[in-house]
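K.L.:
Attaching a predicted model along with its sequence, questions to come.
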Amino acid sequence: MPSEIKAISPLVDRLIRLIEESHCVAGEELAVELALREALGNAVVHGNRLDPGKLVHVHCRCQRSTGLSIVVKDFGSGFDPSAIPDPLAADHLEVERGRGLLLMRSQMDEVSFQCGGTEVHMRKRPARKLKRRTRSSKESDGRRSNISTQLRPIRAREKGTC
């Protein structure tokens, strides 16, 4: 994705549509959307500093059995998330930094920062068991292959890939 604010909504809208179709986090799509928009906004504005020569990479893996994993990577200088003040602390209520991190953490089950803060890893576990509809194996196989071709899976990272 280019480092432009206007590129965020089309990407998020497309990804959320695919996530909804996969049913990997059924009923939790709004939470994922909020966290994803914040992560992308941070990557564009704070990471890449709106530099049109830099991209934001998004990797998404969605499976009914394991849920959703999203990695957002920017090409900025990174940051130390522990240095960001807690926006809920009484003496930081008016500080404008840290609210996005709080939002991401509140909406996702796991959030971590890797590669010196240039990557945010987010995970949402599958929703509680819903009443399952039965499908023919042909329909299930078609849906699985359709999603796998549209959402690029996260590959195991090798050491030194940051």
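P.N.:
Cool, the structure landed. This structure is a prediction, so every number in the text was calculated from the model and none was measured.

K.L.:
Show me which positions of whichever strand or helix holds Ala31 end up buried.
P.N.:
Under the criterion of DSSP states H and E, Ala31 resides in helix 29-42. For helix 29-42, burial by neighbour count (16 or more other C-beta atoms under 10 Å) applies to 29, 31-42. In short, each C-beta sits where N, CA and C put it, glycine included.

K.L.:
Over to stretch 43-51?
P.N.:
Quick answer for stretch 43-51 (16+ other C-beta under 10 Å): 43-44, 46-48.

K.L.:
got it, and stretch 14-25?
P.N.:
Residues of stretch 14-25 classed as buried by neighbour count (16+ other C-beta under 10 Å): 15-16, 18-20, 22-25.

K.L.:
need the strands for this protein, in chain order.
P.N.:
In the chain, the strands defined using DSSP state E lie at 57-63, 67-73, 110-114, 119-124.

K.L.:
The second one pairs with which strands?
P.N.:
Using DSSP bridges, strand 67-73 pairs in its sheet with strand 57-63 (antiparallel), strand 119-124 (antiparallel).

K.L.:
which of the ones you listed sits most buried?
P.N.:
When the strands paired with strand 67-73 are scored by mean count of other C-beta atoms under 10 Å, the highest mean neighbour count falls to strand 119-124 (a mean of 22).

K.L.:
Identify the residues contacting stretch 72-83?
P.N.:
3, 36, 39-40, 42-44, 46-49, 54-59, 101, 113, 115-120, 122 (C-beta atoms under 8 Å, 6 or more residues apart in numbering).

K.L.:
Report the buried residues of it.
P.N.:
72-76, 78-79.

K.L.:
can I get those residues in JSON lines with distance to Pro10 and pLDDT?
P.N.:
Listed next are those as JSON lines, based on distance: C-beta to C-beta, whole Å; pLDDT from 0 to 100:
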{"residue": "Val72", "distance to Pro10": "15", "pLDDT": "98"}
{"residue": "Lys73", "distance to Pro10": "19", "pLDDT": "98"}
{"residue": "Asp74", "distance to Pro10": "18", "pLDDT": "98"}
{"residue": "Phe75", "distance to Pro10": "20", "pLDDT": "97"}
{"residue": "Gly76", "distance to Pro10": "22", "pLDDT": "96"}
{"residue": "Gly78", "distance to Pro10": "26", "pLDDT": "95"}
{"residue": "Phe79", "distance to Pro10": "26", "pLDDT": "93"}
